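Visitor: Fold the following.
(2 chains)
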Amino acid sequence: MIIPILTLIVLCVFVLTGLIFLSILRLRFKFKKDNYHRKQAFAKMETFLLSLFAEEILPYQWAVRIPAHELGYLQEFLLPYLESLKGESFEKLVAVAHYSGLVKRLLQEANSAKDWEQAQAIYFLGLIREPQVLPLLQTGLDSDNMFWFYPSVIALARNDLQNLPRVLEALRNRSDWTEHLGVSIFAEMGEEVCPALLTALSKGETSPKIERLALAVLAHFGYQGAEAILKEYILYSKDHELQIRALRAWNQLKLTFFEGIASAMKNPDWEIRAAAVTALSSSGAVDQALLARPLLRDSNWWVRLRAAQTMLNLSPREELHIMLDNPLEDRYAKDMLRYILTREGGATCVIPTIHVL
Amino acid sequence: MLFQLFTFYNWTVLIYFFVLNGIYLFLTIRAFLEIQRYVHHLRSVNLKRIFELGFYKPLTVIAPAYNESATIVSSVHSLLNLQYPEFEILVINDGSTDQTLEVLKQEFRLVPSNRVYQVKLKTQPVHAVYGSLLFPQLHVVDKQNGGKADALNAGVNFSQYPLLCSIDADSVIETDGLLRATRPFLEDKLVIATGGTVRIANGCKVTNGRVTEVALSKNPWVRFQVVEYLRAFLFGRMGWNNLNAIMVISGAFGIFLKSAVLTVGGYRKDCIGEDMELVVRMHRHYRLNKIPYRVVFVPDPVCWTEAPEEHQVLCKQRKRWQKGLYDSLKANKPLFFNPRAGVVGLLAYPFFFFFELLGPVVEILGYGVFVFSLFMGWVNWPFALLFLSMAILLGVLLSASSLLLEELSFRRYPKTGDILILFLYGILENFGYRQLLAWWRLIALLEYVIGKRSWGEMNRKGFSTSG
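Guide: Take a look at the predicted model:
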């Protein structure tokens, strides 16, 4: 009995190995062929792109010269340009996508059964703000698969600011997105999203993850109108993470010093202290520089580092050197000041060894 | 009686063989699914944007160096070429007896520095710390020899950033390697360690510390190792990835959360395979204390390393690995079949124990028993031939699957000829190379048991460079 079973297994493994070998060869061949065609198509498209931007040809004149089998290459070629361009150039490329039949094909692919094909199509259609894509997004928004959800929500965000509540709802209902992904989604909506996010925050947003995201987006766009809400978070939020975000946003927005920062510098949480002393640094409040001094003796390395950076930004250098020369000054504070002075001094200013090791 | 023992052994080996290959099959299928998912995922990731938005975590690269004068300059240049928003490089000269420190001093204009640090992990005394006048992010710590683990611990003490990247000083990381390998830390706060792929650089062209042309070495020992590495990383690590049961993050390229390394007490100095031991200890600590965590393998960041070209050096390396495996498993025995340790305790640890550690014993004993039964006239020839064919074919199937995974994903070898050669070596390794490795590993086990635990040195030739 065992011999026939073993024979069968050997045969199966032999056939499988052969098939794998053939697949490797096929993939190689396909890749080489595809690479060759791709290179040729890209070279052609680059010429057309230059002519289009030089106004030597119109979008439809480029579009009619693209054979149906090169639409995939066109999609790949246009993507980075569409992601980075704005205005008239952007519109011209969108027109090429329409006239060439690419949009029509992508709308079909957006309904296809292949998850990845769908996701790519949706991503592209969202990028060109194709209104017909909106009814197709629900499947992606409900999908458990993050890589299907992401292009859908980004397409939704790109289409209209009015979709903000839907985007927030989609994000609120799931936990598998990360903050940078969230910020990239809102970044698609542009700075106009900030007042809408502020309204959401002031109406009492219940999800801390969305709150953190909103604070990160406000900081990302450097939205000055956020001052009041940031103050509120710094002073009253019981969520440490949110307080840290608010302080970081304060720092990024380079807002002026207020008492809440000084209180945050006494917080038992070292991350809050570090964020607060950094916010003090960016506020440029020279008259408050002394507030950073006690933090030079902090038990946490990061707090000491940020305090030393703040002192360096806000105090005259001579003062730092006086501290360094003071034999009564705390050793850790001096070590950090020396470290920061060495680092800020640049590579040519390495202080000679003084046996601190 | 003897014949009954022989029959019993045959059945044991047959069951062992099927269980092992069953697990391999399971891992291969998982690896295929995982790699497809991963390649798709990569397309939706905009690395540049992630790092522009400032969500990165600053990182310290720790490169322990012991007698690496032949390769250290190109390695450090390669590290300086890395793309990462904020990082520092710590080269730890672990009491080299060659010109390593002098070469570094001359090439990078090192001067003594007064860098402050806190001794969180005990190490051998530090003689001096140097900063580079040319590259502010480069620091060299010169310390008394204490072994690689000790050097890494010194690096942990000196590091100022929350992420640590341990690399071998003779390795070359691709320029965007750090960006790619640290991505999981940004996507999931539970991630405590990630490991990238290690590939063999022999035969490749290295220009200014970067691999500029990927090609296969002509040395047969190296070619066998290329097949092995592909198998180990593309199907081995990838297969275990989704189960959160990766037991090894190669010392040549691993990124760790500093706080997690300190929590478990840093690298163990009395251990030969300090890289594996650290990861197994992390599993043990986090699993047994029910702390959620993830150890992730990321296949796209690549670290190129120099492989041994002579069998004597290869023998030393493999013995060291086998002893390291024994050490790591022995030091973390509480994981063995421990249901509290989940999949690590019930599947990964036993797999490494029965199939990786004891594999050579079973294999070499099998050859011995075969010769003995031949002598006694007990051999059932049809069965023996079929079994042998199956063993060889399954070995070839695994190597071929790894090559297919490579073709489906990263396609690093541009020449079709190289892939065909690798396929051929995937067949040839079953006729001598595999047996030789099993023999070396068995010797290593015996040496370990009798207390011979030194790990020898590897002589480096340096990369073939240009530019």
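
Visitor: which residues make contact with stretch A:141-158 from outside it?
Guide: Residues from elsewhere that reach stretch A:141-158, judged by Cβ atoms under 8 Å, 6 or more residues apart in numbering or on different chains: A:115-116, A:118-120, A:122-123, A:125-127, A:129, A:133-134, A:137, A:139-140, A:163-164, A:166-167, A:170-171, A:174, A:176-177, A:181, A:184-186, A:188-189, B:40-41, B:44. In this view, the C-beta of every residue, glycine as well, is placed from N, C-alpha and C.

Visitor: List the buried residues in it.
Guide: A:141, A:143, A:147-158 (16 or more other Cβ atoms under 10 Å in any protein chain shown).

Visitor: can you give me how far that stretch is from the chain middle?
Guide: 16 Å (Cα atoms, centre = their mean, to the nearest Å).

Visitor: same question, stretch B:340-355
Guide: Centre-to-centre, stretch B:340-355 and its host chain are 19 Å apart (Cα atoms, centre = their mean).

Visitor: Just the buried positions in that stretch, please.
Guide: B:341, B:342, B:344, B:345, B:346, B:347, B:348, B:349, B:350, B:351, B:352, B:353.

Visitor: and the most centrally placed residue in chain B, what does it touch?
Guide: Nearest residue to the geometric centre of chain B (Cα atoms, centre = their mean): residue B:250, 2.7 Å. Shown in contact with residue B:250 (Cβ under 8 Å, 6+ apart): B:195, B:198, B:275, B:303.

Visitor: if you look at stretch A:204-213, does any of it touch chain B?
Guide: No. For stretch A:204-213, no contact with chain B is found by Cβ under 8 Å from any Cβ of the partner chain; the gap never falls below 11.7 Å.

Visitor: Keeping just the C-alphas, turn that stretch into PDB.
Guide: Backbone C-alpha positions of stretch A:204-213 (Å, rounded to 0.1, in the frame of the first residue of the first chain) are rendered in PDB as follows:
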ATOM      1  CA  GLY A 204     -17.200  67.200  20.800                       C
ATOM      2  CA  GLU A 205     -15.700  64.500  18.700                       C
ATOM      3  CA  THR A 206     -15.900  61.300  20.600                       C
ATOM      4  CA  SER A 207     -13.100  59.200  19.100                       C
ATOM      5  CA  PRO A 208      -9.700  60.100  20.500                       C
ATOM      6  CA  LYS A 209      -8.100  58.600  17.400                       C
ATOM      7  CA  ILE A 210      -9.900  61.100  15.200                       C
ATOM      8  CA  GLU A 211      -9.100  63.900  17.600                       C
ATOM      9  CA  ARG A 212      -5.400  63.100  17.400                       C
ATOM     10  CA  LEU A 213      -5.700  62.900  13.700                       C
END
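
Visitor: list the buried ones in that stretch?
Guide: A:205, A:209, A:210, A:211, A:212, A:213.

Visitor: Output the contacting helices and strands for the longest helix anywhere in chain B.
Guide: Across chain B, the helix with the greatest residue count (assigned by DSSP state H) is helix B:2-43. Packing partners of helix B:2-43 (3 or more Cβ pairs under 8 Å, 6 or more residues apart in numbering or on different chains; DSSP states H and E): helix A:115-127, helix B:238-241, strand B:294-305, helix B:359-376, helix B:381-408.

Visitor: Tell me which of the ones you listed sits most buried.
Guide: helix B:238-241 (a mean of 24; mean count of other Cβ atoms under 10 Å in any protein chain shown).
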